[in-house]
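Participant: Build me a model:
(one chain, ligands or ions: 1)
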Amino acid sequence: VPVNYVAAIRDIEFALWQQLAIETNLLTQVAYEHLDVVTVNDALKRTRDFALDVLGPLYQSSDREGAELLPDGKIRLPQGFEEAWRLYKDGGWAGLSIPQSEGGLGFPYVVSTAIQEMLYGANPAFMTLSGFCVPLYFLLKKYGRAELQAAICPSLATLDWTACLCMTEPDAGSDVGAIATRARPLNDDRYAITGTKHFISAGSHDLAANIVYVVLARIEGAPTGTAGLSCFLVPRYRIESEESGADNHVRCLRLENKMGMKGCPTAQMGFGEHGESFGYLLGEKPHRGLLQLRSMMNQARITTGVFALGMASSAYLLSASYAAQRVQGTNQRMAFSVSAPRVRIVEHADVRRMLLEMKCTVEGCRALLYKMAYYGSFIPAADAVEHPDSPPWRRRLLIELLTPVLKAYLSDQAWRISELAIQVHGGFGYLIDGLVEQYARDVKVLSIWEGTNYLQAADLLRDKLGFGKRLTQLDVLERQILDELADAMLPEFADLQQQLVTALARLRETLGNEWEWVRKGRVDVVLLHATRVLRMFAHVLLGWVLLEAACTAARARSSCAEGQELITFYEGKLLSVRFFFSHLMPMVELDASVIAHAETSLVDASTDRLIEGMLP
Ligand SMILES: Cc1cc2nc3c(=O)[nH]c(=O)nc-3n(C[C@H](O)[C@H](O)[C@H](O)COP(=O)(O)OP(=O)(O)OC[C@H]3O[C@@H](n4cnc5c(N)ncnc54)[C@H](O)[C@@H]3O)c2cc1C
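Facilitator: Have a look, this model is predicted:
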């Protein structure tokens, strides 16, 4: 049985080379002409080796050791992180998606997503240390003044400096508009930042020569609420030439004691308490903070999905491998025979049920995440090549629509799959000597950070779908699904295609009904349904990409010579798809009927009823 991370390299290759056919569809684009099959495969294999040999072995030990704030204010990271950081930095992984013209490797987004899946899957606490470097790089390229870009971007691309996002405060979590951190204009172009942020991932460490804090704060006199927030870049050490390297008075006040992700220092950070913390306004105009951070937040939401997928995939593979070795019970088809042979637990129907739920969910989530990243990969190429069939606006719109679904559904599934992994391992899964209990502790945060999963559901239903009033985005998605399937479909899957079309119709009908609730003045009822609507959406999307995968796998299977090793892989994919459509897709119907039933007592009841008689 494997002792640490397991990479799903075969399925990753299937998704890239077969389902998305990136060799012909993507690597032929002008933006990627410096790449070919060999360079991409080398990068995948090099990443898998780094994940297996360097990051995976530190997964459990870094959890046991954790990070610690020392009396002198320095942070002690888990053993091995410093060396792993040096190898990661020298390996150039940070520059994967940075264009070649700017010194990066210029890989398509879909390939860097596959690479990130393995890195996050092997050691998410380590990966979180560099999590905001590339997103800040692109944020600065989009909004930053030229001198700020020149001062910061090159060091982020090489990981000489790192970055953190500082939004959350003790009284401002989901309610970002309550942020109290202040920014006082100075006589030059700088601001003095004062306030406390908590739960800041990788908030303090000495791996990098400097840390750039992306701080949301309110300029004195600015409006209240989100409209008055501005975005500042606050370096840990000053960056102007005359005082370069001087202390900028950013302090780590304490490290949070967390249930998981213990190797990553999650910090409470104080700005401007013991001297002035200088910050630079992002862009030319104030009060644009939230708008500016949108693209970076969306990127972070997708990375949350990547992290979720990496861990869920490994949890599945560890469980499958355990179930293939653990012997318990006898052959169920010979239930009444005393001579029934003892079997491995993978033979039992209920263990297969768990493994197949994990397998089809992981494969569906991977196919969906990569599909989104595949659309994103055309965005740099769009200037060079025109796609009349699928113009850039259409791809952007699909990415926007998919982002909250990927964040929320993949993170919920990572938690579900970790739980199933514990169940498959039985009592051994509950022991801390195994890995899977740590998976559950580590992935739980994914449904909380980067906007809780409820906020994702509300974003989908309210902001993307206009509470069901504007279904243009759904129209575009539906057209994309039907167009792509028309090219891929095989007659043997006509029953599944029909099921998908019915599910799409149920989703459309449900959304139409939501708008009726809004017209009756009952937005609260619509928001009560938001989480179910997101799940309906996710199941429809998974149905789509899994059906596409089934067609790809069936074609590949039919061209395999008998006895070829890959046959079982393709047949396993067909098994996943059939399981998804028979066991999980029916949830769309369930969610639609719960919503249609419109039980409103939950929102109508007085708050006392939830609490009275329950609390001592
Ligand atoms: C390990 C870890 C790392 C983190 N890293 C960072 C970081 O690097 N930078 C950063 O800025 N933050 C970070 N965070 C903070 C994280 O983003 C917040 O915890 C998250 O936004 C939720 O805020 P909260 O904890 O205050 O919960 P609350 O906002 O208090 O939410 C509590 C519950 O109420 C629900 N709720 C709240 N408001 C509403 C509403 N209007 N309608 C319906 N339901 C609602 C929520 O969905 C949730 O279920 C991190 C958190 C953790 C645990």
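Participant: Centroid-nearest residue for this protein?
Facilitator: For the chain, Gly305 is the residue whose C-alpha lies nearest the centre (Cα atoms, centre = their mean; 1.8 Å).
Participant: and that one, what helix or strand is that in?
Facilitator: Per DSSP states H and E, Gly305 falls inside helix 289-323.
Participant: Within range of the ligand, give me the residues from this protein.
Facilitator: Counting by Cβ under 6 Å from any ligand atom, the chain comes close to the ligand at 164-168, 173-174, 199-201, 258, 261, 266, 445, 448-449, 452, 454. C-beta coordinates here come from the backbone N, C-alpha and C atoms, glycine included.
Participant: Distance check, the residue nearest to the centre of the chain against the ligand.
Facilitator: As judged by Cβ to the nearest ligand atom, to the nearest Å, Gly305 and the ligand stand 15 Å apart.
Participant: and the helix holding Gly305, which residues are buried?
Facilitator: Within helix 289-323, the residues scored as buried using 16 or more other Cβ atoms under 10 Å are 289-290, 292-293, 296-320, 322-323.
Participant: that older thread, hang on, isn't the residue nearest to the centre of the chain packed against Leu410?
Facilitator: Yes - between Gly305 and Leu410 there is a contact under Cβ atoms under 8 Å: 4.0 Å.
Participant: Give me the common contacts of these two.
Facilitator: Counting by Cβ atoms under 8 Å, 6 or more residues apart in numbering, the shared contacts of Gly305 and Leu410 are 365, 369.
Participant: which non-adjacent residue is nearest Glu13?
Facilitator: Leu44 (7.3 Å; Cβ to Cβ, 6 or more residues apart in numbering).
Participant: Dihedrals phi and psi, Ala503?
Facilitator: The phi and psi values for Ala503, taken as degrees, to the nearest 10, are phi -60, psi -40.
Participant: In this structure it contacts Met587, no?
Facilitator: No - with contact defined as Cβ under 8 Å, Ala503 does not count as touching Met587 (9.5 Å).
Participant: Which residue of the two possesses the greater neighbour count?
Facilitator: Legend: neighbour count by other Cβ atoms under 10 Å for Ala503 and Met587, higher for Ala503 (22 against 15).
Participant: Check what pLDDT the more buried one gets.
Facilitator: Note on Ala503: pLDDT of 98.
Participant: Contacts for stretch 450-458, please.
Facilitator: Contact with stretch 450-458 is made by 174, 297, 300-301, 304, 404-405, 407-408, 411-412, 447, 459, 527, 530-531, 533-534, as judged by Cβ under 8 Å, 6+ apart.
Participant: Identify the spatial nearest neighbour of the closest residue to the ligand within the stretch 251-400 of the chain, chain neighbours not counted.
Facilitator: As assessed by Cβ to the nearest ligand atom, the ligand sits closest to Thr266 within the stretch 251-400 of the chain, at 4.7 Å. Nearest residue to Thr266, sequence neighbours excluded (Cβ to Cβ, 6+ apart): Glu256, at 4.5 Å.
Participant: burial count for the one you found?
Facilitator: Number of residues near Glu256 (other Cβ under 10 Å) recorded here: 14.
Participant: which one is the residue of the stretch 1-150 of the chain at minimum distance from the ligand nearest to, not counting chain neighbours?
Facilitator: Nearest residue of the stretch 1-150 of the chain to the ligand: Phe132, at 7.6 Å (Cβ to the nearest ligand atom). Setting aside the residues directly before and after it, Phe132 is nearest to Ala163 in space (Cβ to Cβ, 6+ apart), at 4.1 Å.
Participant: name the helices or strands packed onto the strand or helix carrying the one you found?
Facilitator: Per DSSP H and E, Ala163 falls inside strand 161-166. When contacts are defined as 3 or more Cβ pairs under 8 Å, 6 or more residues apart in numbering; DSSP states H and E, strand 161-166 packs onto helix 133-143, helix 146-157, strand 190-201, strand 210-219, helix 289-323.
Participant: For the stretch 301-450 of the chain, which segments count as strands?
Facilitator: For the stretch 301-450 of the chain, strands defined by DSSP state E, counting those that start in this stretch occupy the ranges 327-330, 342-344.
Participant: and the gap between the closest residue to Asn41 other than its chain neighbours and Ala458?
Facilitator: Excluding the flanking residues, the one nearest Asn41 by Cβ to Cβ, 6+ apart is Glu13, at 7.9 Å. Distance, Glu13 to Ala458, by Cβ to Cβ, to the nearest Å: 37 Å.
Participant: which one of these two has more residues nearby?
Facilitator: Using other Cβ under 10 Å, the more surrounded residue of Glu13 and Ala458 is Ala458, with 20 against 14.
Participant: ok, back up a step: I'd like the strands of the stretch 301-450 of the chain as CSV, with mean pLDDT and mean neighbour count appended.
Facilitator: Converted to CSV, those look like this (pLDDT from 0 to 100; neighbours: other Cβ atoms under 10 Å):
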stretch, mean pLDDT, mean neighbour count
strand 327-330, 92, 14
strand 342-344, 94, 14
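Participant: Save these as CSV, and put in distance to Leu496 too.
Facilitator: Shown next, in CSV, are those (distance: least, Cβ to Cβ, whole Å):
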stretch, distance to Leu496
strand 327-330, 33
strand 342-344, 30
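Participant: Number of residues surrounding Val362?
Facilitator: Neighbour count of Val362, defined by other Cβ under 10 Å: 25.
Participant: My read is that it contacts Ile417, right?
Facilitator: Yes - if you go by Cβ under 8 Å, Val362 and Ile417 touch, sitting 6.9 Å apart.
Participant: and Leu253, which of the three is it?
Facilitator: Following DSSP: H, G, I helix; E, B strand; the rest coil, Leu253 is assigned to strand.
Participant: show me what contacts it?
Facilitator: Listed by Cβ under 8 Å, 6+ apart, the contact partners of Leu253 are 196, 267-270.
Participant: Need the phi and psi values for whichever residue of the chain sits closest to the ligand.
Facilitator: Closest contact between the chain and the ligand, by Cβ to the nearest ligand atom, is at Gly173 (1.7 Å). Backbone torsions for Gly173, taken as degrees, to the nearest 10, come to phi -100, psi -100.
Participant: per-residue confidence at it?
Facilitator: With respect to pLDDT, Gly173 has a value of 97.
Participant: so where's this protein uncertain?
Facilitator: By pLDDT under 70, the low-scoring segments of the chain are 1, 380-390.
Participant: 80 instead, please
Facilitator: Across the chain, the ranges flagged by pLDDT under 80 are 1-3, 241, 335, 380-392, 470, 612-616.
Participant: So Val250 is in contact with Phe271, correct?
Facilitator: Yes - with contact defined as Cβ under 8 Å, Val250 reaches Phe271; the gap is 5.7 Å.
Participant: Give me the common contacts of the two.
Facilitator: With contacts taken as Cβ under 8 Å, 6+ apart, the residues that reach both Val250 and Phe271 are 213, 234, 277.
Participant: related to what we said a few turns ago, quick one: the helices and strands packed on strand 161-166 as TSV, columns for distance to Trp393 too.
Facilitator: Listed next are those as TSV, based on distance: least, Cβ to Cβ, whole Å:
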stretch	distance to Trp393
helix 133-143	18
helix 146-157	27
strand 190-201	33
strand 210-219	28
helix 289-323	16
